[in-house]
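1. This is a predicted model, with the sequence first.
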Amino acid sequence: MSREKLLVIVSGMIIGVLAVILVHLGNPANMGFCIACFIRDISGSLGLHGAEVVQYLRPEIMGLILGSFAAAILFREFKPSGGSAPATRFVLGIIMMVGALVFLGCPLRMLLRLAGGDLNALVALPGYVAGIWVGTFFLKSRFTLGKSFPQGSSEGYTAPAAAVILLVFLVMAPPFVLFSENGPGSEYAFWGVALGAGLLVGLLAQRSRICTMGGIRDLILFKDTHLFAGLVALLLVVFVGKLAAGFFEPGFTGQPVAHTDGIWNFLGMLIVGWGAVLAGGCPLRQLILSGEGSSDGLITLLGLAAGAAIAHNFGLAASPEGVSLYGQAATGISLLLLLIIGILNSRSGLSNKTNAGSSVAGD
């Protein structure tokens, strides 16, 4: 086993252990880490949406960015860059968030839910794989959002600086920052522990390049298990941890922050998988890229935050009762937009089975 693959496996294991610990210390069940959910909570805390039960400045997100930033600086990989189709990346961020909130979780939470016994995630997983599989057809058709170019230092420091400001807001709690008094937003581990976990995962993810989409994409395209091994390690560690702690509760009903509408669980994660391929990384990977100085990753993150605001302000987000008619319509629109973006940015048409385009390099 190569040193690089071992690092990915160890990273997956540590992420899994920390996810179990964070839930034990107060985070919502099956939500030790959920990039989409945590960005949604931050969006609400800043007043971008009015869903009072999901408003909190999640320090895990700030830690992920700052951990990636620290690792990039330490290993001389901090190279500010950007300029690759920013408007399209912003839209892809919105689309991915809509899909995630139809399912009620990002790909990372999908794995955590599955390891905790939530069989609704077992329905969503094939959807995620199917979305990535569809995305690979566009990669084979030389899909590209164009090249990124070197940027000034201010571009690269934007995401880390924003993370520090959000941490100050969390600690100082100024009156314009909103905090949930009940619901998932009111459940959290002590901020110092959560920040520390985020920092460690950010550092490990920057070094290992772990990505939920990348692992499955590489397995489909190249039969490469390098990144996929980290996902398996994460899943197994969380499963064992939940089982040992007596928190493993298999079933479809009664699962925390979840619904049982199978078709929408499948389609929601299909959207996230497809969108992640076109954007060059899953939501976790976009955070890590932004910490490395990529304004392309930051633009995608801003799209995710905007998507959370749109989803909750217009009733698109699912609830434990299911997916609203508006959410179902948004799912169909998102699929159509992904198809349009894929076609418009493919250089040789869907029938051309040539090498994957530059979006693969985003991971």
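-> It's in.
2. Going by C-alpha atoms from here, please, whenever you check contacts or count neighbours.
-> Fine.
3. quick one: the helices in this structure?
-> 3-24, 35-45, 59-74, 86-103, 107-115, 119-140, 153-172, 191-208, 212-222, 228-245, 262-279, 283-291, 295-313, 325-344 (DSSP state H).
4. Can you tell me which of those helices is packed in deepest?
-> helix 283-291 (a mean of 30; mean count of other C-alpha atoms under 10 Å).
5. For the stretch 251-363 of the chain, give me the ranges with low pLDDT.
-> The stretch 251-363 of the chain contains residues with pLDDT under 70 at 348-363.
6. Please repeat the previous calculation with a cut-off of 90.
-> Within the stretch 251-363 of the chain, the ranges that satisfy pLDDT under 90 run 347-363.
7. got a list of what the residue most central in space within the chain touches?
-> The centroid of the chain falls nearest to P283 when counting by C-alpha atoms, centre = their mean (2.6 Å). Residues in contact with P283, defined by C-alpha atoms under 8 Å, 6 or more residues apart in numbering, are 35-36, 106, 276, 301.
8. List the single closest residue to P256 in space, sequence neighbours excluded.
-> Distances taken as C-alpha to C-alpha, 6 or more residues apart in numbering put A29 closest to P256, at 6.1 Å, once the chain neighbours are dropped.
9. repeat for G192
-> P59 (8.0 Å).
10. That neighbour and A163, how far apart?
-> Relative to A163, P59 is positioned 9 Å away (criterion: C-alpha to C-alpha, to the nearest Å).
11. Same check on G280?
-> Here the criterion is C-alpha to C-alpha. By it, G280 lies 22 Å from A163.
12. What of F33?
-> The value you get for F33 to A163, if C-alpha to C-alpha is used, is 17 Å.
13. isn't A229 right up against S11?
-> No: the criterion here is C-alpha atoms under 8 Å, and A229 misses it with S11 at 10.2 Å.
14. Among the helices of the chain, which comes closest to G251?
-> Checking the helices of the chain against G251 by C-alpha to C-alpha gives helix 119-140 as the closest, at 5.5 Å.
15. avg pLDDT for that closest one?
-> Average pLDDT, helix 119-140: 98.
16. Can you report how many residues neighbour L25?
-> 16 (other C-alpha atoms under 10 Å).
17. Does it touch Y188 like I think?
-> Yes: between L25 and Y188 there is a contact under C-alpha under 8 Å: 7.4 Å.
18. Give me the mean pLDDT for stretch 178-197.
-> Taken as a whole, stretch 178-197 has a mean pLDDT of 98.
19. for stretch 149-160, that is, sorry about that
-> The model assigns stretch 149-160 a mean pLDDT of 96.
20. Just the CA coordinates for it, please, in PDB.
-> Presented in PDB, the C-alpha positions along stretch 149-160 are these (Å, rounded to 0.1, in the frame of the first residue of the first chain):
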ATOM      1  CA  PHE A 149      -5.400  31.600 -13.400                       C
ATOM      2  CA  PRO A 150      -3.000  32.900 -10.700                       C
ATOM      3  CA  GLN A 151      -4.600  35.600  -8.600                       C
ATOM      4  CA  GLY A 152      -3.400  38.100  -6.100                       C
ATOM      5  CA  SER A 153      -2.800  37.300  -2.500                       C
ATOM      6  CA  SER A 154      -6.000  39.000  -1.400                       C
ATOM      7  CA  GLU A 155      -8.000  36.500  -3.400                       C
ATOM      8  CA  GLY A 156      -6.400  33.600  -1.600                       C
ATOM      9  CA  TYR A 157      -6.700  35.100   1.900                       C
ATOM     10  CA  THR A 158     -10.500  35.900   1.400                       C
ATOM     11  CA  ALA A 159     -11.800  32.600   2.600                       C
ATOM     12  CA  PRO A 160      -9.500  32.300   5.700                       C
END
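21. So which residues make contact with that stretch?
-> Contacting residues not belonging to stretch 149-160 are listed as 62, 65-66, 69, 78-84, 290-295, 298 [C-alpha under 8 Å, 6+ apart].
22. confidence score at G246?
-> At G246, the model reports a pLDDT of 84.
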